[in-house]
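**Q** have a look at this fold, sequence not included:
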Ligand SMILES: Cc1cc2nc3c(=O)[nH]c(=O)nc-3n(C[C@H](O)[C@H](O)[C@H](O)COP(=O)(O)OP(=O)(O)OC[C@H]3O[C@@H](n4cnc5c(N)ncnc54)[C@H](O)[C@@H]3O)c2cc1C
């Protein structure tokens, strides 16, 4: 992708973002590394401790619990370490879907990686310059040590909270854990971790194609984009979301007003700038894509169009070709390849 190619790989998505920690290390005579603590008064202090052992223990006994009470371990949200975060609300959207909310107001350091988001290559995104980073979180099961990624549907920084829709699949471990959570319970969580990033104003049109909970990265992207305002000089691309209807008998939760990041509210926010097309479950019809591209004047190769795709492999393959086994993008084949779109204009999400 020419200027704004979103970069996203699984290993980076799930990998730890390490913050350099500077330590003064030196080698002991035995060859083991140790941290050097030096102080000119250390020998004076140790002789005082030797001569007043009871007093020293009493002071220690009084200060340790007090300091624990006043300065408990900080449960900051960070991409690289799990912390136990409280669930402020859980809401059942359907027998398979639950909406959970995790506040990020306390401690204030939890906001850090939302305020200064990373790109997938580990560099800091240029949010002042209009770059938008879509992020996800990792939730772990306390019973067996596995983790799964989940995508907030909202602009977490603006709302001061993370809201995620979690689908429970048959035999699924983390889905089971989350669906058993009640308001006030805690969950092991780390993040935010970058999923992809784009400069939206570098496109004339952004097309998003999804089914089921794979709509979440697009709900987040749409929540983060500013609403079009006639007075603003900001260029907002035309937005087109192509999302499948649920299977018969299943709830169409994203089409309700239960959450402000769901479709009816986003439609209000963007007005004519956002087109939402609902399609039947199954293969993505070619005509829907042709219609979405036809209003563009330039040839498909020259268009400033970005097609973001979040579909299961069996639907992604005929539309644009599979991702590679190591979750690389792979060539653009299928319907989008036939229409002349290239890797510069298409981004596949797992
Ligand atoms: C970047 C990213 C973001 C994601 N965001 C979300 C999100 O916002 N909400 C969400 O619900 N999920 C999301 N997922 C999927 C999620 O991470 C888990 O894969 C899913 O919830 C299953 O996890 P589990 O531990 O419950 O089930 P597992 O124990 O992993 O799976 C149990 C069984 O279910 C099958 N299975 C797994 N997933 C599905 C599925 N979707 N449909 C049918 N069968 C399945 C498995 O093959 C296995 O047989 C995301 C995935 C990625 C990669």
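**A** Yep, that arrived. Please read all numbers here as calculations on a predicted model, not as lab measurements.
**Q** by contact count, what packs against the longest strand along the chain?
**A** Using DSSP state E to define each element, the chain has its longest strand at strand 186-198. Applying 3 or more Cβ pairs under 8 Å, 6 or more residues apart in numbering; DSSP states H and E, we find strand 186-198 packed against helix 10-14, strand 83-86, strand 97-103, helix 112-115, strand 132-140, strand 346-349. In this view, the C-beta of every residue, glycine as well, is placed from N, C-alpha and C.
**Q** out of those, which gets nearest to residue 191?
**A** Closest approach to residue 191 among those is made by strand 132-140 (3.5 Å; Cβ to Cβ).
**Q** rewinding a little: what lines up beside the longest strand of the chain in the sheet?
**A** Strand pairing for strand 186-198, determined by DSSP bridges: strand 83-86 (antiparallel), strand 132-140 (antiparallel).
**Q** next helix or strand past it?
**A** strand 205-210 (DSSP states H and E).
**Q** could you give the bridge partners of residue 347?
**A** Assigned bridge partners for residue 347, using DSSP bridges, are residue 308.
**Q** touching, residue 198 and residue 130? I think so.
**A** No - between residue 198 and residue 130 there is no contact under Cβ atoms under 8 Å: 9.5 Å.
**Q** more crowded one of the two?
**A** residue 198 (23 against 15; other Cβ atoms under 10 Å).
**Q** pLDDT at residue 109, what is it?
**A** Looking at residue 109, its pLDDT is 86.
**Q** wait, doesn't it sit right on residue 81?
**A** No - judged on Cβ under 8 Å, residue 109 makes no contact with residue 81 at a distance of 11.9 Å.
**Q** more neighbours: the two, which one.
**A** When residue 109 and residue 81 are compared on other Cβ under 10 Å, the one with more neighbours turns out to be residue 109, at 13 against 10.
**Q** part of a strand, is the more buried one?
**A** No - read with DSSP: H, G, I helix; E, B strand; the rest coil, residue 109 is helix and lies in no strand.
**Q** gap between it and the ligand?
**A** Separation of residue 109 from the ligand (Cβ to the nearest ligand atom, to the nearest Å) stands at 24 Å.
**Q** what do you get for residue 75?
**A** For residue 75, the distance to the ligand equals 22 Å [Cβ to the nearest ligand atom].
**Q** with adjacent residues omitted, what lies nearest to residue 320?
**A** What sits nearest to residue 320 in space, not counting adjacent residues and going by Cβ to Cβ, 6 or more residues apart in numbering, is residue 336, at 4.3 Å.
**Q** A helix includes the one you found, no?
**A** Yes - counting by three-state DSSP, residue 336 is part of a helix.
**Q** list the contacts of it.
**A** By Cβ atoms under 8 Å, 6 or more residues apart in numbering, residue 336 lies in contact with 289, 307, 319-320, 346.
**Q** do residue 217 as well
**A** Per Cβ under 8 Å, 6+ apart, neighbours of residue 217: 134, 136, 151, 195-196, 210, 308, 310, 349.
**Q** spell out which parts of the protein neighbour the ligand.
**A** Those residues of the chain that sit near the ligand, judged by Cβ under 6 Å from any ligand atom, are 136, 148-151, 164-167, 169, 171-175, 195, 213, 216, 350.
**Q** which of these fall in strands?
**A** 136, 148-150, 164-167, 195.
**Q** taking the stretch 101-250 of the chain, what residue is nearest to the ligand?
**A** Per Cβ to the nearest ligand atom, the residue of the stretch 101-250 of the chain with the smallest distance to the ligand is residue 172, at 2.5 Å.
**Q** count the neighbours of that residue for me.
**A** Around residue 172 there are 15 other residues, counting by other Cβ under 10 Å.
**Q** what are the phi and psi values at it?
**A** Torsion angles at residue 172 (phi, psi; degrees, to the nearest 10) stand at phi -80, psi 130.
**Q** and it, what does it touch?
**A** Taking Cβ under 8 Å, 6+ apart, one finds nothing in contact with residue 172.
**Q** helix or strand: which one has residue 267?
**A** Here residue 267, judged by DSSP H and E, is contained in helix 263-270.
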